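Undergrad: this is a predicted model, with the sequence first.
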Amino acid sequence: MWQAVSRSGARLLMLALASGVAASLGAQGTRVPGTVVIGTVGDPSLPVPYLGTMNTQNADVGDQLFLRLGVLKPGFRTTGDDALAPMLARSWKRVDSLTLLFELDPRVRWHDGAPVTAHDAAFTWSIAHNPKINENQAAIESIASVEEAGPRTVRVRFRRAFQEQVYRFAFDFQPLPSHLLEKMAPEAIAASEFAAHPVGNGPFRWSRRIPGQLVELLADSAFFAGRPGIARVIFRVVPDASARLNLLLSGELDVMDNVPPANLPQVTALPSFRIARLPGNAIAYAVFNQRSASDSGTPNRFFTDLRVREALTLALDRRTMAGLVYGPGTAVPDAAQSLLWSWITGGTIRSAPPNLAKARALLAAAGWRDTDGDGVLDRGGVAFRVSVIYPDSPTRTKLAVQSQAMWKALGVAADLHSFPGPQWQERHFRGEFDIDFAGANQDASPLSLIEAWSCASARRPGSLNVARWCDPAFDQLLTKAVAGRGAVADWRAVLDRMTSQHPAAFLASPAIVAAIHQRYENAPILPARQWLALWQWRIRPGAAIARDR
């Protein structure tokens, strides 16, 4: 049978997730249309799924333009066929352990009026699994095929049985309009007029982009689930955190999704803003390269030794560092675990305290001693001097500078190299570092560990596993967790193994501390995809300001 989740039930579910405020679609005409201005770090230059790098900025805009087949329910569980509520797909059913059928909602239209069909999904699959177009093949590796099984029925076959099949396809897959794209050469789509002015099926339509300044979207009054409560969304490009704060304080931004801890009292004092806190999906870490920074075919002479990796982690007072950078109470994980995954470890995030004495003993056991009295350890005539890279953001700079001082006390010389974001990213993916102060916004599912930390990802060019870490025992535990029934104990064993192997010094998992203008009601920010429910926001009656009209 088709899964018994109705469209009206899904809509009520999403409203309950937001704030429990149910609004009548029949009252749409009485709402103030409204505007929301969101500050974003980077320029959303290509917000179309699968075309190039789907960074946070592109994905945030893309979420407004292109629907997912399903959305996460409250609690953000990703296992089981009932993990999601319907969105583009109105229902789904299981055929066998490897096959699912998704029935698309017949009411959904592309913004040019054409219906959304199963052919769109099959066409999009041809784009998504083309490595010349979509570099992130790891995200879809588990899917064997996506086919038309009827005008609006999509048949999905998986390579193996696992508990997150519905999540992996329905949440991660965003169809593109075949009637506008399939006559183009696939490699030409990213540079096409469509890419510059996307035509989607989501709650907002493309309006305009001013490169380096903003992207503007307008509500689709014909959106099948009801006209959005906000008429206009502006993603304003403001790379500098201080500049974003100043724009918020001056009233030019309506939302700031990560208020710096030092400025929180300043924002809290503003009567026009409220503060929302929710579990973050971000982690910050210093990753240890397993390959030589100058020759990726050569093992790294420092960090292939587990004792060295553990020593550099133990030398850091990570809790103090996290508190100074992100604010008191910031979680400090021992593995790649954000607050969004705290369910794996019983609702808490575990972290070992610093131990400088043990760190020194580990390095001595590995043969590193200061034989010439210059304060820097050496072995075989080679000084323990490492090249450290990081983007020139305030948070990464603070983490790098604090770590440098703590490693110096251990006898390790860290040469710091700061780069603007694009230049840092080039070196990051080329592996041109010994240590990289990096970070990640984790997927709701711990399956994303495969993409960033598995042996398979270590062998794949362009992989998120930039340090080329590979631990077969970790992979075996991952395989067990994936193939099993999503047991908490299995995922805890995965994280425990990572903790014991120290592929990185995991430094912080900050909560999301967002400032939201008081004039909005029913205004959810979701941990995994922050603006996915933006269409449900609306202006409180009588609270509109000039730009809302």
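TA: Noted; the coordinates are in hand.
Undergrad: from here on, just use CA atoms for contacts and neighbour counts.
TA: Noted.
Undergrad: dump the residue contacts of Gln501.
TA: Taking Cα atoms under 8 Å, 6 or more residues apart in numbering as the contact definition, Gln501 lies against 306, 309-310.
Undergrad: export those residues as CSV, with columns for neighbour count, distance to Val166 and secondary structure.
TA: As requested, these are arranged in CSV below (neighbours: other Cα atoms under 10 Å; distance: Cα to Cα, whole Å; DSSP: H, G, I helix; E, B strand; the rest coil):
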residue, neighbour count, distance to Val166, secondary structure
Leu306, 15, 38, helix
Arg309, 23, 37, helix
Glu310, 22, 38, helix
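Undergrad: so which of those residues is the closest to Pro203?
TA: The shortest approach to Pro203 among the contacts of Gln501 belongs to Arg309, at 47.3 Å (Cα to Cα).
Undergrad: surely the closest one meets His502?
TA: Yes. In this structure, Arg309 is within contact of His502 by Cα atoms under 8 Å, at 5.8 Å.
Undergrad: assign a three-state SS to the closest residue to Arg529 other than its chain neighbours, would you?
TA: Of all residues not flanking Arg529 in the chain, Asp60 sits nearest, at 7.5 Å (Cα to Cα, 6 or more residues apart in numbering). Assigned with DSSP: H, G, I helix; E, B strand; the rest coil, Asp60 falls in the helix class.
Undergrad: ok, the spatially most distant residue from the centre of the chain to Gly327 distance?
TA: The C-alpha centroid of the chain is most remote from Asp372, which lies 46.1 Å away (Cα atoms, centre = their mean). Going from Asp372 to Gly327 by Cα to Cα, to the nearest Å gives 40 Å.
Undergrad: how many neighbours does Ser387 have?
TA: When neighbours are counted by other Cα atoms under 10 Å, Ser387 registers 15.
Undergrad: next one: Arg547
TA: By other Cα under 10 Å, the residues close to Arg547 number 11.
Undergrad: isn't it right up against Thr35?
TA: Yes. With contact defined as Cα under 8 Å, Arg547 and Thr35 form a contacting pair (6.5 Å).
Undergrad: gap between stretch 306-318 and the chain center?
TA: 27 Å (Cα atoms, centre = their mean, to the nearest Å).
Undergrad: tell me the average confidence for that stretch?
TA: If you average the pLDDT over stretch 306-318, you get 98.
Undergrad: going by neighbour count, list what's buried in that stretch.
TA: 307-318 (16 or more other Cα atoms under 10 Å).
Undergrad: for stretch 363-381, same thing?
TA: Those would be 363-364, 368-370, 376-378, for stretch 363-381 by 16+ other Cα under 10 Å.
Undergrad: just put the residues you listed in JSON lines and tack on distance to Ser178 and pLDDT.
TA: JSON lines is the format used below for these (distance: Cα to Cα, whole Å; pLDDT from 0 to 100):
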{"residue": "Leu363", "distance to Ser178": "58", "pLDDT": "98"}
{"residue": "Ala364", "distance to Ser178": "62", "pLDDT": "98"}
{"residue": "Trp368", "distance to Ser178": "60", "pLDDT": "98"}
{"residue": "Arg369", "distance to Ser178": "63", "pLDDT": "97"}
{"residue": "Asp370", "distance to Ser178": "65", "pLDDT": "97"}
{"residue": "Val376", "distance to Ser178": "61", "pLDDT": "98"}
{"residue": "Leu377", "distance to Ser178": "60", "pLDDT": "98"}
{"residue": "Asp378", "distance to Ser178": "60", "pLDDT": "97"}
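Undergrad: in strands, which of those appear?
TA: Mapping these onto strands (DSSP state E) picks out Asp378.
Undergrad: wait, which of the buried residues of stretch 363-381 is closest to Gln423?
TA: Val376 (29.4 Å).
Undergrad: let me see the contact set for that closest one.
TA: Contacts of Val376 by Cα under 8 Å, 6+ apart are 370, 383-385, 408, 411-413.
Undergrad: and if you look at Ala505?
TA: 285-288, 309, 312-313, 334.
Undergrad: in its sheet, what does the strand or helix carrying it sit against?
TA: Using DSSP states H and E, Ala505 falls within strand 504-508. Using DSSP bridges, the strands paired with strand 504-508 are strand 282-288 (antiparallel).
Undergrad: got the CA coordinates for the partner strand in CSV?
TA: Output of strand 282-288 as CSV, limited to C-alpha atoms (Å, rounded to 0.1, in the frame of the first residue of the first chain):
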residue,chain,number,x,y,z
ALA,A,282,28.4,22.4,12.5
ILE,A,283,31.8,21.1,13.7
ALA,A,284,35.2,22.7,13.7
TYR,A,285,38.4,20.7,13.7
ALA,A,286,42.1,20.6,13.0
VAL,A,287,42.5,17.7,10.6
PHE,A,288,45.9,15.9,10.3
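Undergrad: starting at the chain centroid, how far to that strand?
TA: 14 Å.
Undergrad: before we move on, back to that, roughly how far apart are the residue nearest to Arg529 and Phe102?
TA: Distance from Asp60 to Phe102, by Cα to Cα: 25 Å.
Undergrad: compare these two (neighbour count), which wins?
TA: With neighbours defined as other Cα under 10 Å, Asp60 and Phe102 compare such that Phe102 has more, 26 against 19.
Undergrad: partner residues bridging that one?
TA: Trp92, Val154.
Undergrad: that one and Gln501, how far apart?
TA: Phe102 is 41 Å from Gln501, by Cα to Cα.
Undergrad: Ile143 and Arg459, how far apart?
TA: 20 Å.
Undergrad: looking at the two, which one has more neighbours?
TA: Higher neighbour count among Ile143 and Arg459: Ile143, with 19 against 14, using other Cα under 10 Å.
Undergrad: now the helices for the stretch 51-200 of the chain?
TA: Ranges of helices in the stretch 51-200 of the chain, per DSSP state H, counting those that start in this stretch, are 56-65, 118-128, 165-166, 178-181, 193-196.
Undergrad: need those in JSON lines with mean pLDDT and distance to Lys398, can you?
TA: Output for the helices of the stretch 51-200 of the chain, formatted as JSON lines (pLDDT from 0 to 100; distance: least, Cα to Cα, whole Å):
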{"stretch": "helix 56-65", "mean pLDDT": "94", "distance to Lys398": "22"}
{"stretch": "helix 118-128", "mean pLDDT": "96", "distance to Lys398": "38"}
{"stretch": "helix 165-166", "mean pLDDT": "93", "distance to Lys398": "40"}
{"stretch": "helix 178-181", "mean pLDDT": "97", "distance to Lys398": "46"}
{"stretch": "helix 193-196", "mean pLDDT": "96", "distance to Lys398": "37"}
